[in-house]
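J.: How does the following fold in three dimensions:
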Amino acid sequence: MKLTGKQLFWLKKSNIDIYNKFKTEFLFHSNKLEGSKFSKSEIMKLIADSEVTGPYELKDVIETANSIVVFDFMVETHNEKLTERLLKEFHSILFKNTLNTFADKLAGIYIDLYHLD
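T.: Here you go, the predicted structure:
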């Protein structure tokens, strides 16, 4: 199934249960590509109750929680033109409060891998 940003925005405003099921499905598959071990039901619990149970590293919990925030932010900004500023904002939200020592310095900026000091 293919949904537009406008359709997702409408769904979020009209039927939060269906919206959250769609969001769970999307985030499960997206996060799985990044190596996440969260199940669909665990992601749904994080979305609905802001709770996590199980043997997860804090890093994984933070990154998954951030991906939930980014998904909602993308839906909220669906009418905005996709600009460099907006892409950097998505990236910044994904890195927020992560345990990566450099995350705060790297979030929302370009990295020149050939000229790192």
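J.: low-scoring stretches of the chain, by residue?
T.: 1, 99-117 (pLDDT under 70).
J.: okay, which residue is most central for it?
T.: Relative to the mean C-alpha position of the chain, the nearest C-alpha, by C-alpha atoms, centre = their mean, is the one of Ser67, at 1.5 Å.
J.: Now it. Nearest residue, chain neighbours left out?
T.: Here the nearest residue to Ser67 in space, its sequence neighbours aside, is Leu27; by C-beta to C-beta, 6 or more residues apart in numbering that works out to 5.6 Å. Every residue, glycine included, has its C-beta placed from N, CA and C.
J.: give me the number of residues near the one you found?
T.: Neighbour count of Leu27, defined by other C-beta atoms under 10 Å: 22.
J.: Lys40 and Leu33, how far apart?
T.: 14 Å (C-beta to C-beta, to the nearest Å).
J.: neighbour count winner among these two?
T.: Taking other C-beta under 10 Å, Lys40 and Leu33 do not tie; Lys40 has more neighbours (14 against 7).
J.: Hmm, the more buried one is touching Phe22, no?
T.: No - checked against C-beta atoms under 8 Å, the pair Lys40 and Phe22 is beyond contact range at 11.6 Å.
J.: State the distance from Leu33 to Leu86.
T.: 22 Å.
J.: Sorry, slip of the keys, the one I care about is Asn97.
T.: Asn97 sits 21 Å away from Leu86, going by C-beta to C-beta.
J.: go on, Trp10?
T.: Distance of Trp10 to Leu86, computed by C-beta to C-beta: 21 Å.
J.: ok, now Ile47?
T.: 23 Å.
J.: Between those two, point out the one with more neighbours.
T.: Ile47 (19 against 14).
J.: Need phi/psi at that one.
T.: phi -70, psi -50 (degrees, to the nearest 10).
J.: heads up, I number from 26, so please use that
T.: Shifting the count to begin at 26 puts that one at Ile72.
J.: which residues does it contact?
T.: Neighbour list for Ile72: Asn45, Lys48, Thr49, Ile93 [criterion: C-beta atoms under 8 Å, 6 or more residues apart in numbering].
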